[in-house]
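Student: Give the three-dimensional model of this entry:
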Amino acid sequence: MKILYYILFLLLLYPFQSTGLSMDRDQNGKWWIKHYHQLTQKECKWVQNANNVFLRVYAAADKRANRNPKLIIIKKNKQLLARSLEDGSIIITRKTLEFCYENIKKQSDYTKEEIGNTRLAFILGHEMAHLSCDDHWFVQKKSVHFIYDDQSFNNDYLEFRADDNGLIYTAIAGYQVDTLFSTNFFNEWIDHLSPKTVQSYKPSPKSRHQNIEQRLSTTRSQIVFFDMGIRLFHAGKYEKAIDFLEHFKHSFPSREVCHNLGIIYLQQALEKRLYIEPDFLKGFRLSMIVDLNSRISKTIERKKLGDSDIVRYRQAFHKKIRKAIQYFTQALQRDPFYDLSALHLALCQIISKNYDKAISLFDEIQLTDKKYQSFKQVNKNIAILLKHGDHTAQSVLSNVFLRFKEILQKRPDDWLVQYNLHILKSHFEQFYNPPLCWNDYYNSQQAKGFEKAINKMDHQVITIQKYFSFLKPSDLKPGLYLNLKDQHFQNVFSDQLLYSVDLYTDSKKNRLLVLGKILELIELKTKIPVPDDIKTAIPNRIYDSCAMTRTWIFDHMAIDIKNNKVVAVLIY
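Tutor: Numbers count the residues shown, from 1 in each chain. Next up, the predicted model:
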């Protein structure tokens, strides 16, 4: 009985620990805001930069369920400070921003602001690594500083690990980690502190710099595998993308790589399902990252399947969908707040035709970012329609229609909802008379985009290639054996999987990926405004990265868009 009482006591105590009510007062971000107040954009021009950098690193970093990181920039503290708290807050000061952005040397090809963003990204990534690894537990609920200053606990391992993970988060977020270590970054940090404070700091700046330098070469090579793995995914080269990303995951398991592996396996599972049952979605289009349009329709030339073919494809489907579920689950274990992995985990159940489970999962998802509300509602309502089959009750059809209409009231240009409404109308006409509200909608301005949207989806825009043809060297073509002896490209990376991997670059930072002597990808750097024709195009797939770059993927090419400019073109 005593044991039972003890267990009940622990269960009652646990919620107070996770909410921070039992913390020391300075382990709560609200305490810091109350005593030091928050710095605003009007008071310091770097505040907006800091918030933007935080969002990018946040998107790349792992997290724990009981600590969702949040940035607090305090005003009435003149120290150089970067500190993570037990409640998930990360505290920095005005002096920290000045350290990152002011009095720094410009490096070739990078502006001072870009260098400052990278420096701050590493500092924030380091603190997020402490939070994700639960380092506060190991130091007995003491706060963890950018350079640890508790003499009672001298475990350099925690700081080295946070440096390693912070470096990876910074790179995945799209920052140039090489700019950090042209000088001894940690010495610069120490130089801004008082001699008395410096004496207690461990590990030493020298040992941390040496550790990072040793890790940097490994990090560079592994980031190539992550970066090019994503590019191979864009190009639809899924098996090679899996090779690259699983190689990266072996060294640096993280939420981002797990999620992308889940997406690739989901894409492959969907293709197997569509091969066996091309009409299993009943004409509806799910909202998802994977390619539901041209590549599937063009690669799957259906033939009459024998029983053995159906068995083989069904086995392949189950194998791929299990891997997708495995990787989305791992991504959520590393970041329980990641909406996209949770939403795609529910999508796996739709594609597996487990509609009740899919609906249940969608109901359980508490979105941290409301921009995915349409994604959630569209897919949940399609799951409801598929669950009821061809003879769905008119009340169910009417209810789904109203849900779609509510989405369009908030997002009138959502062509995917328009398309699904068009399919829903055909279901009404097949079994019932359309509801009166349908006629009101169909005659409205919103509905007039239906045919235009459908035509754009069914007829891929191929003229966009003319806008970027001038960028590509005329003698380079994907798929050909490559001999670069007479080119202006330099080999900057070589490794070996089941095939040789070589990456070449030139003075303009254009890149060539060569696998087994075959040119697989051409990545061309540019900075031109997005052409009007592309603004109105509907790509096969849109991919949003942690680096706040949006990639529009077409047949045989993709374009990276950032700040309304095309910053890279991928040809494959």
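Student: helices and strands around the helix or strand residue 259 falls within, which ones?
Tutor: Following DSSP states H and E, one finds residue 259 within helix 255-276. With contacts taken as 3 or more CB pairs under 8 Å, 6 or more residues apart in numbering; DSSP states H and E, helix 255-276 sits against helix 205-234, helix 238-251, helix 294-299, helix 307-334, helix 339-351. The way it works is simple: take the backbone N, C-alpha and C, and place the C-beta from them, glycine included.
Student: for those helices, which one ends up most surrounded?
Tutor: Among those, helix 339-351 has the highest mean neighbour count (mean count of other CB atoms under 10 Å), at a mean of 23.
Student: wait, residue 165 sits on residue 125?
Tutor: Yes: between residue 165 and residue 125 there is a contact under CB atoms under 8 Å: 7.1 Å.
Student: joint contacts of these two?
Tutor: residue 61 (CB atoms under 8 Å, 6 or more residues apart in numbering).
Student: so where is the protein shaky, pLDDT-wise?
Tutor: Applying pLDDT under 70 to the chain flags the ranges 1-26, 107-108, 136-155, 181-184, 193-206, 289-305, 430-475, 482-487, 533-538.
Student: Which residue ranges make up each domain of it?
Tutor: 23-203, 236-458, 469-571 (automatic domain parsing).
Student: before we move on, the earlier item: which of the helices and strands packed on helix 255-276 sits closest to residue 558?
Tutor: Across the helices and strands packed on helix 255-276, residue 558 has its closest neighbour in helix 205-234 (4.8 Å, CB to CB).
Student: Run a quick neighbour tally on the residue lying closest to residue 383 once chain neighbours are set aside.
Tutor: Spatial nearest neighbour of residue 383, excluding adjacent residues (CB to CB, 6 or more residues apart in numbering): residue 358 at 4.5 Å. Using other CB atoms under 10 Å, residue 358 has 25 other residues around it.
Student: Next, the contact list for residue 358, please.
Tutor: With CB under 8 Å, 6+ apart, residue 358 has these contacts: 346, 347, 349, 350, 379, 380, 383.
Student: hmm, who's touching the helix or strand where the last one lies?
Tutor: Which is residue 383. Using DSSP H and E, residue 383 maps to helix 373-388. Residues from elsewhere that reach helix 373-388 (CB under 8 Å, 6+ apart): 280-282, 284, 286-288, 343, 346-347, 349-350, 353, 355-356, 358-359, 362-363, 365, 367, 392, 396-397, 400, 403-404, 407, 410-411, 414, 416-417, 420, 424, 427.
Student: and with 7 Å instead?
Tutor: Outside helix 373-388, the residues within contact range by CB atoms under 7 Å, 6 or more residues apart in numbering are 282, 284, 286-287, 343, 346-347, 350, 355-356, 358-359, 362, 365, 367, 392, 396, 400, 403-404, 407, 411, 414, 416-417, 420.
Student: In helices, which of those residues appear?
Tutor: Secondary structure from DSSP state H places 343, 346-347, 350, 355-356, 358-359, 362, 396, 400, 403-404, 407, 416-417, 420 of the contacts of helix 373-388 in helices.
Student: May I see the ChimeraX selection of the buried members of these?
Tutor: Those of the ones in helices among the contacts of helix 373-388 that count as buried under 16 or more other CB atoms under 10 Å are selected in ChimeraX with:
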select :343,346,347,350,355,358,359,362,400,404,407,416,417,420
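Student: Please work out how many residues are found near residue 46.
Tutor: When counting by other CB under 10 Å, one arrives at 22 neighbours for residue 46.
Student: Could you do residue 105 as well?
Tutor: 8.
Student: again, but for residue 401
Tutor: For residue 401, the neighbour count with other CB under 10 Å is 22.
Student: what residues are up against the residue nearest to it when sequence neighbours are not counted?
Tutor: Leaving aside its sequence neighbours, residue 401 sits nearest to residue 424 (CB to CB, 6+ apart; 5.8 Å). The contact partners of residue 424, taken as CB under 7 Å, 6+ apart, are 397, 400, 401, 404.
Student: before we move on, what about residue 95?
Tutor: Residues counted as contacts of residue 95 (CB under 7 Å, 6+ apart) are 78, 79, 80.
Student: which of those residues are buried?
Tutor: Among the contacts of residue 95, those classed as buried by 16+ other CB under 10 Å are residue 80.
Student: Which of the contacts of residue 95 fall in helices?
Tutor: Among the contacts of residue 95, no member is found in helices (DSSP H).
Student: now the contacts of residue 95 in a markdown table, with distance to residue 511?
Tutor: Below are the contacts of residue 95 laid out as a markdown table (distance: CB to CB, whole Å):
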| residue | distance to residue 511 |
| --- | --- |
| 78 | 44 |
| 79 | 42 |
| 80 | 37 |
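Student: Contacts made by the longest strand seen in the chain with the rest, please.
Tutor: The single longest strand within the chain, with elements called by DSSP state E, is strand 518-529. Residues from elsewhere that reach strand 518-529 (CB under 7 Å, 6+ apart): 231, 235, 237, 471-472, 476, 478-482, 508-514, 564-572.
Student: Narrow those to those in strands?
Tutor: Within the contacts of strand 518-529, residues falling in strands by DSSP E are 511, 512, 513, 514, 565, 566, 567, 568, 569, 570, 571.
Student: For residue 427, see how far away residue 390 is.
Tutor: The spacing between residue 390 and residue 427, counted by CB to CB, to the nearest Å, is 8 Å.
Student: So which of the two has more stuff around it?
Tutor: Neighbours were tallied for residue 390 and for residue 427 using other CB under 10 Å; the higher tally belongs to residue 427 (21 against 9).
Student: gap between the nearest residue to the more buried one once chain neighbours are set aside and residue 82?
Tutor: Nearest residue to residue 427 in three dimensions, chain neighbours excluded: residue 397, at 6.2 Å (CB to CB, 6+ apart). Separation of residue 397 from residue 82 (CB to CB): 55 Å.
Student: Ok, residue 216 next?
Tutor: Distance of residue 216 to residue 82, computed by CB to CB: 20 Å.
Student: Likewise for residue 162?
Tutor: In this view, residue 162 and residue 82 are 11 Å apart by CB to CB.
Student: next structured bit after the helix or strand where residue 92 lies?
Tutor: Under the criterion of DSSP H and E, residue 92 resides in strand 89-93. As assigned by DSSP H and E, the chain's next helix or strand after strand 89-93 is helix 94-101.
Student: Please point out which parts of that following helix sit buried.
Tutor: So helix 94-101, judged by 16+ other CB under 10 Å, has buried residues 94, 96, 97, 98, 99, 100, 101.
Student: The first one against residue 46, yeah?
Tutor: No: taking contacts as CB atoms under 7 Å, residue 94 lies outside contact range of residue 46: 8.3 Å.
Student: show me the residues around residue 223 that make contact.
Tutor: For residue 223, the contacting residues are residue 171, by CB under 7 Å, 6+ apart.
Student: switch the cut-off to 10 Å
Tutor: Each residue near residue 223 by CB atoms under 10 Å, 6 or more residues apart in numbering is listed here: 167, 168, 170, 171, 172, 177, 248, 252, 493.
Student: Please apply the same query to residue 97.
Tutor: 39, 44, 45, 46, 47, 49, 50, 73, 116, 120.
Student: The same query, at a cut-off of 8 Å, please.
Tutor: Listed by CB under 8 Å, 6+ apart, the contact partners of residue 97 are 44, 46, 47, 49, 50, 73, 120.
Student: Perfect, that will be all.
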